[in-house]
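>>> for reference, the sequence and a predicted model appear below.
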Amino acid sequence: MGVNVPKIKLGSEGLEVSKQGLGCMGMSAFYGPPKPEPDMIKLIHHAINSGVTFLDTSDMYGPHTNDVLIGKALKGGMREKVQLASKFGVVNQDGKREIRGDPAYVRSACESSLKRLDVDCIDLYYVHRIDTRVPIEITMGELKKLVEEGKIKYIGLSEASPSTIRRAHAVNPITAVQIEWSLWSRDVEEELIPTCRELGIGLVPYSPLGRGFLSVGPKMLENASKGDFRKAFCPRFYDENLESNRIIYEKICDMATSKGCSPSQLALAWVHHQGDDVSPIPGTTKIDNFNDNIRALSVKLTPEEMTQLSTLADNVKGERYASMASTWKNTDTPSLELRKAEA
């Protein structure tokens, strides 16, 4: 394809990843039925051979089936070529969702993922959502043990508040924070991003294409499969918000046309231009879409174009999730002192 995929370092401990990663969630869950395994393995191999070596999964994708898929894709010498990121902490039982960060669960989740992935070590292991019943220091204490035992190399957090990030980082260096950051999700820029940069923590934006909306607009919903969670759980796709958000997409299309690139490339280029400590992880299930996304690395934006694009987020309608309870603004955990007092 002729696209050079640079490497960047996340955090201060030396984890080197491709400047763009691959989110693997949609291959197994949430965006309709699981996709055919042989096709997804072919896509993953294509990504790795193209230089995109930063793969992102989680035990909740499926649940568990995305782990198994990634494990199969990494056979035959592929494991040594990738930086494997996974996550734990979200448990779905009997239709109910629970967030767990207690030490026993941290360990069992990690060991179970290692078996499903069929690897000896996970390169970057995130707390997927923060358990607000457990001091973050306790969760981190068990993760630090897993690092010392060689079961994980680096620790990350996802959807964590600035204060939780600081407290976690004091126990063991946090290598990366995964957060939704895109042309229509910019609330992280005021406090969360500066906190990470002050501490030397890398940034991994998920849904950098607005869960596909910034790529194809409302057409995405027309083509969505039955069971696609975006229709029910993402208010930005609700009818009352769709018209305002469609206008944003059309403005992105107009600018992309003038620059000779696709809307996806323009939206991803905006994320890439945020800094050399940023590795977005757009997901896809199609090789053609992957090839389109990777060309974003070649799109250059002027400061004026960055500003023009940045203002679009001001007009986004709707929350990111129907329930924002476990997102970064609501994830402070109790202090150790309070925990001891209650005990």
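Nice, I can see it. Numbers count the residues shown, from 1 in each chain.
>>> so what pLDDT did Gln83 get?
According to the prediction, Gln83 has pLDDT 98.
>>> for it, phi and psi?
phi -110, psi 110 (degrees, to the nearest 10).
>>> try Lys81
Torsion angles, degrees, to the nearest 10, at Lys81: phi -90, psi -10.
>>> now it: how far from Thr175?
Taking CB to CB, to the nearest Å as the measure, Lys81 falls 19 Å from Thr175. All C-beta spots, glycine's among them, are computed from the backbone N, C-alpha and C.
>>> looking at these two, which one has more neighbours?
Neighbour totals were compared for Lys81 and Thr175, and Thr175 leads with 28 against 12 (other CB atoms under 10 Å).
>>> list the contacts of Thr53.
17-18, 47, 81-83 (CB atoms under 8 Å, 6 or more residues apart in numbering).
>>> can you redo those residues as CSV with distance to Lys153?
As requested, the contacts of Thr53 are exported to CSV (distance: CB to CB, whole Å):
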residue, distance to Lys153
Val17, 12
Ser18, 16
Ala47, 21
Lys81, 15
Val82, 13
Gln83, 9
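>>> nearest to His169 among the residues you listed?
Val17 (19.1 Å; CB to CB).
>>> after the strand or helix carrying the closest one comes which helix or strand?
Secondary structure from DSSP states H and E places Val17 in strand 15-18. Downstream of strand 15-18, the first helix or strand assigned by DSSP H and E is strand 22-23.
>>> so what secondary structure elements neighbour that next one?
Applying 3 or more CB pairs under 8 Å, 6 or more residues apart in numbering; DSSP states H and E, we find strand 22-23 packed against strand 54-56.
>>> direction included, what does the strand it packs on pair up with?
Paired neighbours of strand 54-56 in the sheet (DSSP bridges): strand 22-23 (parallel), strand 83-88 (parallel).
>>> which stretches of this structure have low pLDDT?
1-2, 226-227, 337-343 (pLDDT under 70).
>>> which helix runs longest in it?
Counting residues, the longest helix found in the chain (DSSP state H) is helix 239-259.
>>> how distant is that one from the center of its chain?
With CA atoms, centre = their mean, to the nearest Å as the basis, helix 239-259 stands 23 Å off its chain's centre.
>>> that one: which residues count as buried?
Buried positions in helix 239-259, judged by neighbour count with 16 or more other CB atoms under 10 Å: 241-242, 245, 248-249, 251-253, 255-256.
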